[in-house]
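Undergrad: Dropping a prediction and its sequence here:
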2 protein chains.
Amino acid sequence: MQFTLHHTDTHTAARAGTLRTDHGEIPTPIFMPVGTLGTVKGVHQHELRQDVGARIILGNTYHLYLRPGTEVLEAAGGLHQFMAWDGPILTDSGGYQVFSLAHRRKITEEGATFASHIDGSKHLFSPESSLGIQRSIGADIVMAFDECPPYPSERRYAENSMHLTHRWLERCVAFMDASAPLYGHSQALFPIVQGSSYDDLRRVSAEFIAGQDQPGNAIGGLSVGEPIEDMYRITALCCEILPASKPRYLMGVGTPANILECISRGVDMFDCVLPSRNARHGVLYTRQGIINIKNARWRTDYSVLDPAPAAAPTSRTHTRAYLHHLFRVNELLGPQIATLHNLAFYLGLVTEARERILDGSFGAWKDQILPDLERRL
Amino acid sequence: MQFTLHHTDTHTAARAGTLRTDHGEIPTPIFMPVGTLGTVKGVHQHELRQDVGARIILGNTYHLYLRPGTEVLEAAGGLHQFMAWDGPILTDSGGYQVFSLAHRRKITEEGATFASHIDGSKHLFSPESSLGIQRSIGADIVMAFDECPPYPSERRYAENSMHLTHRWLERCVAFMDASAPLYGHSQALFPIVQGSSYDDLRRVSAEFIAGQDQPGNAIGGLSVGEPIEDMYRITALCCEILPASKPRYLMGVGTPANILECISRGVDMFDCVLPSRNARHGVLYTRQGIINIKNARWRTDYSVLDPAPAAAPTSRTHTRAYLHHLFRVNELLGPQIATLHNLAFYLGLVTEARERILDGSFGAWKDQILPDLERRL
């Protein structure tokens, strides 16, 4: 994996780059749609590529490990083959879902034991087993197994947790060095900065992570309930320490405004369930503001969802009245159209951010559009 | 509306024709996907056209009347505009849903009163109001308001019901003559043969319907639980009486085998929820037989769903193992892929039937493929 930094904004820390993987190039900054179980909910793979403009998607190790399982994925030749997606894939380590979804969690030096949220069966995730599963999945970018402490966390807990994450990282690196990819394409490991909301811990962690000299770096443990100023401050602090020559991935963030603010602080990669999950509840993002399509005010609004050239084709075809109807009668096509809309909107936003970074107008553009992005229509 | 009959099979009563509407030509025999509420569940309109090969779709008057309502549809400029489907549309009369879905039904000479299955509100459907709603919807083909008697029905009930349907038909014809289409394209009325499972009543009804000299004719009241031989015998009997110069539509039928058998008896048009509803439950039709994709035997079957050139593009891309996984984890994409598959299969089947009729090989082809179509894999 190779990262080329084309330009860093003079007024902000925003960057435009290109990340090269064996499954294709990723222009950065980029938003990565979440495809938890080998599918971005309600979206065909060819729609991801053509209508959304997705350049890389996410898979969730915890979910894919439980269903369909590594045996099925390996026999298929990995997740790319299994789901017929030939673009880049990133997988998380499974740690976050163990802590947020699974039952009877217990963390030890070895790793995390848990009971499946589906059938209660017992499992252990460790640095080695998480990366082993990610080898079976075959993602282009694999994430280090970490502990994501809840917010708020006491300082002692946050510090111990951070050191555990660092020790686990060394085992992740050793495992990656000692093992090989299964499907002929390379897999890059991204370590994750932790340290909760404590600036000094975040500095220690960012320096430790930077010192591992992996192909890219991630910031974890944010967007877990902390005040927005904390998220922005810690993101900026981490970006200042993480090397400029490598991509920076802010995990699980966020709203369109969050993404622009964190791009301006030096982040290159984002993922979040927000655009797809909100779409399924009828909440649409537009440049004019946020639409709740279930509201009666859209019942006879025959304007198209979004006339912008960057909008999904179905957003330029269908009216708000039609989408309102589909949601009101609980038809599958409603979430389908809304998901295409929000994902295309997110991809359009980062695409324009990149153009604005390259032509020097990013900061002014961001400040101009931010108020509209957060308005409720 | 204009119907051209190109060829009638010499060994069977199968016909190949072309039906011309203001929204495009329909090759016959044809299968019409059901789009109850202004959407074929889980399928984008452009997929209907390009991936399924749909040439005409159905809307349900009962459902569209209740939601979104004629006011919303009229303000949109009719259902074509509302749902952004520029191909032909056929609407039923609403009668069937009144009898199968609504509450507190009461039939009088005037029409049928009922309570909405959604909110219990009271409504009256009559020949005039049903056709009035179908004027608001703006379908290219509108159906006469009839009573569809349950199976079995006593002879006296069936006979009285048939005569009521005939009297209602005269009011439908009068209403159509006295009113005009709302959106600049023409609307053709199809009357419906009734008479339950009584051959003599069916003959009387078919002659009465034929005598109305409308642009096309339908056979109703079948596929309601009667033995399959009754369906085939009555279909043949009606087709012998209904004029050869006009399209014949068999309502609510059926399985792939039913469709081939009824094509061979002289039917030109079909609709059924079977392919789309079964798809949502993981039941797929193929030329080799019927697949229940939820069965464990497909878990590691990495062959594509259907390699046939006529199959939906997603059926030629995705494996049985992948679709099995999607259904097992209850992902939206499962029903989406399965629905495209079944609808494309049905459209491929009638398309090939038409080619076989035109080249004279229909009967032999039908007899050859029938056993496979009904086999469970």
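TA: Yes, it's here.
Undergrad: What separation do you get for the residue of the stretch 151-300 of chain A found nearest chain B and residue B:72?
TA: Chain B sits closest to residue A:300 of the stretch 151-300 of chain A, with a gap of 5.5 Å, by Cβ to the nearest Cβ. For glycine as for every other residue, the C-beta is placed from the backbone atoms N, C-alpha and C. Residue A:300 is 6 Å from residue B:72, where distance means Cβ to Cβ, to the nearest Å.
Undergrad: Need the overlap of contacts for the two.
TA: residue A:321 (Cβ atoms under 8 Å, 6 or more residues apart in numbering or on different chains).
Undergrad: Looking at the two, which is more packed in?
TA: residue B:72 (19 against 15; other Cβ atoms under 10 Å in any protein chain shown).
Undergrad: residues touching residue A:65, list them.
TA: So residue A:65 contacts A:94, A:123, A:133 (Cβ under 8 Å, 6+ apart).
Undergrad: quick one: which of those is nearest residue A:339?
TA: Ranked by distance to residue A:339 (Cβ to Cβ), the contacts of residue A:65 are led by residue A:94 at 24.3 Å.
Undergrad: burial of that closest one, as a residue count?
TA: By other Cβ under 10 Å, the residues close to residue A:94 number 26.
Undergrad: picking up where we left off before, who are the neighbours in contact with the residue of the stretch 151-300 of chain A closest to chain B?
TA: With Cβ under 8 Å, 6+ apart, residue A:300 has these contacts: A:321, B:72, B:75.
Undergrad: what does residue A:303 give?
TA: Per Cβ under 8 Å, 6+ apart, neighbours of residue A:303: A:319, A:320.
Undergrad: In which helix or strand does residue A:20 reside?
TA: Of the helices and strands defined by DSSP states H and E, residue A:20 is found in strand A:15-21.
Undergrad: Give me the residues contacting that strand.
TA: With contact meaning Cβ under 8 Å, 6+ apart, strand A:15-21 is reached by A:1-9, A:25-30, A:56, A:88, A:140-141, A:185-186, A:188, A:216, A:244, A:247, A:266, A:268-269, A:354, A:357-358.
Undergrad: who does it pair up with?
TA: Sheet pairing here is set by DSSP bridges, and for strand A:15-21 it gives strand A:2-8 (antiparallel), strand A:24-28 (antiparallel).
Undergrad: okay, those in TSV with mean neighbour count next?
TA: Listed next are the strands paired with strand A:15-21 as TSV, based on neighbours: other Cβ atoms under 10 Å in any protein chain shown:
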stretch	mean neighbour count
strand A:2-8	14
strand A:24-28	20
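Undergrad: Tabulate the ones you listed in JSON lines, adding columns for mean pLDDT.
TA: Putting the strands paired with strand A:15-21 into JSON lines (pLDDT from 0 to 100) gives the following:
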{"stretch": "strand A:2-8", "mean pLDDT": "98"}
{"stretch": "strand A:24-28", "mean pLDDT": "98"}
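Undergrad: Point out the residues in the stretch 1-150 of chain A that sit beside chain B.
TA: A:37-39, A:41-46, A:63, A:67-68, A:72, A:75-76, A:82-84 (Cβ under 8 Å from any Cβ of the partner chain).
Undergrad: rerun that using 6 Å as the cut-off
TA: A:37, A:39, A:41, A:42, A:67, A:68, A:72, A:75, A:76, A:82, A:84 (Cβ under 6 Å from any Cβ of the partner chain).
Undergrad: Just those residues: which are in helices?
TA: A:72, A:75, A:76, A:82 (DSSP state H).
Undergrad: Mind splitting chain A into its structural domains?
TA: A:30-244, A:273-377 (automatic domain parsing).
Undergrad: got those domains as a markdown table, with mean pLDDT columns?
TA: Converted to a markdown table, the domains of chain A look like this (pLDDT from 0 to 100):
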| stretch | mean pLDDT |
| --- | --- |
| domain A:30-244 | 97 |
| domain A:273-377 | 97 |
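Undergrad: Return the distance of stretch A:78-95 from the chain's centre.
TA: Centroid separation for stretch A:78-95 versus its chain: 13 Å, with Cα atoms, centre = their mean, to the nearest Å.
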